[in-house]
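Trainee: would you be able to build a 3D model of this:
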Amino acid sequence: MKHIYIFNHAKSKGYAFGIGTYIRQLVQMKHYGFAMHVVHLNAEVDEVTVEIKDDVEEILFPKPILIPQDQINYENYHTNVIRILRSYIDNNADNIYHINNVNILSLAKSIKRYLNGKTVLTVHYLQSLFDLNGNIHKLHEIIQSPVNENDPTLYASIRNEIGNTGQMIDLYVDKVISIAHHSFFQNNEIYRIKNNKNVLIYNALCDEQSDHLNKATELKKELGVNCSEKIIIYAGRLDEIKGVQCLLQALSILKSKGVQFHLFIAGNGHFEETIDFVHDLYTNVTFTGFLGKDRLYQLYSIADIGVFPSLYDEFGYVVLEMMMHLLPVVAYRTSGPAEIVEDGHTGLLAGLSLDQPEQTIRSLAEKIEYLLVNPEECRRMGGAGRKRFLKNFSAEIFIEKMIRFYSSL
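Mentor: Next comes the predicted model:
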């Protein structure tokens with residue numbers, strides 16, 4: 001039997017969102033002859049703790065105490081974690097260590113040094129691209145240009161990140177999983193991955209279409225929404241990179257034209273920076289804060305349109321959730337969303353030009369307006385989106401690919 005050890009940084013922002021969803025999908029491999037273990041680093045425990053939850057072993061390592069986060073020596077921390085972990089595992093078993101963070105070279109080094117087995121890295125996102133608002137061309141320019149003493153500090157940080165991740169992939173990782181087609185080619189190019197080490201396996205979700213679809217009128221009344229009003233939903237962090245500010249500016253254009261709508265914004269983040277863009281939309285926007293899955297899925301069930309205006313997103317689980325709930329999705333033609341949404345069939349893709357923000361916002365407004373004033377197209381694209389989700393992004397497809405992948409190691 002193969003034992004899969006999935007590493008998770010419990011305090012990372014990613015766990016609450018995409019990486020957490022990914023890990024929850026992976027542990028379902030317990031039903032297919034794999035022994036699943038989740039290793040939580042920086043956990044809120046006082047000592048190393050082992051728990052069994054739903055036939056999955058969870059090993060929790062406490063975060064360093066009495067040390068400010070920015071002063072932690074993670075090389076020592078990761079070395080000590082792996083040394084201790086070795087006493088909890090059978091080092092002669094058929095073990096696979098699955099890392100979910102590109103910025104932990106020291107962890108991969110320690111695994112290679114102290115543990116027997118294969119190491120896998122899933123590249124969920126590049127911090128450098130978040131820092132550059134998804135500008136992949138700028139990233140390549142920074143990587144390829146010679147170091148200049150007048151370079152911004154950010155450039156050094158980006159070169160350091162790419163260099164460390166490249167070293168980890170080249171020396172300490174047996175296989176890399178890319179979660180989208182653009183990521184596959186991007187990772188090959190940036191890190192110069194060799195010898196078929198890089199594998200493409202799309203993310204996926206369990207089909208959990210809300211059973212509230214037939215109760216939309218009741219739910220709208222409960223939420224105080226006019227039953228005849230068109231509902232738009234955005235779900236995600238309130239960050240500039242997620243494009244929520246672009247969305248609010250686009251909707252201001254539509255309101256000035258007399259278009260009727262109500263927007264639900266489901267998510268936490270930089271509220272003060274976001275509220276500045278609401279302006280004349282106060283009666284058109286509801287901020288819900290972070291919602292649990294059940295409540296969020298209720299909102300999907302009453303919405304007419306899902307909008308995912310991220311400027312850069314390696315994949316985009318939210319897009320799948322929206323498609324699962326029969327929503328046509330409006331997104332920018334960039335990175336992961338452009339692969340998931342079929343323009344004109346399951347939703348609409350707006351033009352994105354980072355150096356032409358006004359044009360970018362107008363394009364988003366035009367796509368949203370088209371769906372608002374064409375309800376039949378809305379329903380047609382929503383239905384097509386659900387079919388695409390079931391055919392290409394269901395959990396069953398993901399599990400089947402992961403079974404083949406783990407079994408090949």
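Trainee: and residue 235, bridged to which residues?
Mentor: residue 266 (DSSP bridges).
Trainee: so where's the stretch 151-300 of the chain shaky on pLDDT?
Mentor: 210-214 (pLDDT under 70).
Trainee: quick one: the strands in it?
Mentor: 175-178, 198-200, 231-235, 262-266, 285-287 (DSSP state E, counting those that start in this stretch).
Trainee: counting contacts, what elements does the longest helix along the chain pack onto?
Mentor: Secondary structure of the chain read by DSSP state H shows that its longest helix is helix 375-392. If contacts are counted by 3 or more Cβ pairs under 8 Å, 6 or more residues apart in numbering; DSSP states H and E, helix 375-392 sits against helix 317-324, strand 347-350, helix 357-372. (Each C-beta comes from the backbone N, C-alpha and C, glycine too.)
Trainee: would you turn those into TSV with distance to residue 291, mean pLDDT and mean neighbour count?
Mentor: Putting the helices and strands packed on helix 375-392 into TSV (distance: least, Cβ to Cβ, whole Å; pLDDT from 0 to 100; neighbours: other Cβ atoms under 10 Å) gives the following:
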stretch	distance to residue 291	mean pLDDT	mean neighbour count
helix 317-324	12	96	26
strand 347-350	22	98	25
helix 357-372	22	96	19
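Trainee: determine which of those approaches residue 155 most closely.
Mentor: The closest of these to residue 155 is helix 357-372. By Cβ to Cβ, the value is 23.1 Å.
Trainee: mind listing what residue 1 touches?
Mentor: 33, 34, 35, 93, 94 (Cβ atoms under 8 Å, 6 or more residues apart in numbering).
Trainee: contacts only, for the closest residue to the last one other than its chain neighbours.
Mentor: Same thing as residue 94. Nearest residue to residue 94 in three dimensions, chain neighbours excluded: residue 2, at 4.7 Å (Cβ to Cβ, 6 or more residues apart in numbering). By Cβ under 8 Å, 6+ apart, the residues touching residue 2 are 33, 34, 35, 94, 95, 96, 406, 407, 409.
Trainee: mind checking pLDDT for the last one?
Mentor: According to the predicted model, the pLDDT of residue 409 comes to 95.
Trainee: surely it is in contact with residue 197?
Mentor: No. Contact criterion Cβ atoms under 8 Å: residue 409 and residue 197 do not qualify, at 11.8 Å.
Trainee: need the residues touching each of these two.
Mentor: With Cβ under 8 Å, 6+ apart as the test, residue 409 and residue 197 both reach 174, 175.
Trainee: hang on, the earlier thing: distance check, the residue nearest to residue 94 against residue 376.
Mentor: 50 Å (Cβ to Cβ, to the nearest Å).
Trainee: now do residue 189
Mentor: 42 Å.
Trainee: same question, residue 85
Mentor: Taken as Cβ to Cβ, the span from residue 85 to residue 376 is 57 Å.
Trainee: make JSON lines out of the helices and strands packed on helix 375-392 and add distance to residue 136.
Mentor: Formatted as JSON lines, the helices and strands packed on helix 375-392 follow (distance: least, Cβ to Cβ, whole Å):
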{"stretch": "helix 317-324", "distance to residue 136": "19"}
{"stretch": "strand 347-350", "distance to residue 136": "17"}
{"stretch": "helix 357-372", "distance to residue 136": "16"}
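Trainee: out of those, nearest to residue 223?
Mentor: That would be helix 317-324 among the helices and strands packed on helix 375-392, by Cβ to Cβ, at 18.1 Å.
Trainee: helices along the stretch 201-350 of the chain, start to end?
Mentor: Along the stretch 201-350 of the chain, the segments classed as helices by DSSP state H, counting those that start in this stretch run 216-222, 244-256, 271-275, 293-302, 317-324, 335-340.
Trainee: please identify the most buried of those.
Mentor: Highest mean neighbour count of the helices of the stretch 201-350 of the chain: helix 317-324, a mean of 26 (counted as mean count of other Cβ atoms under 10 Å).
Trainee: ok now it, how far from the chain's centre?
Mentor: Distance of helix 317-324 from the chain centroid (Cα atoms, centre = their mean, to the nearest Å) equals 12 Å.
Trainee: where do the helices sit along the stretch 1-150 of the chain?
Mentor: Using DSSP H, counting those that start in this stretch, helices in the stretch 1-150 of the chain cover 13-16, 18-26, 74-85, 105-114, 127-131, 136-144.
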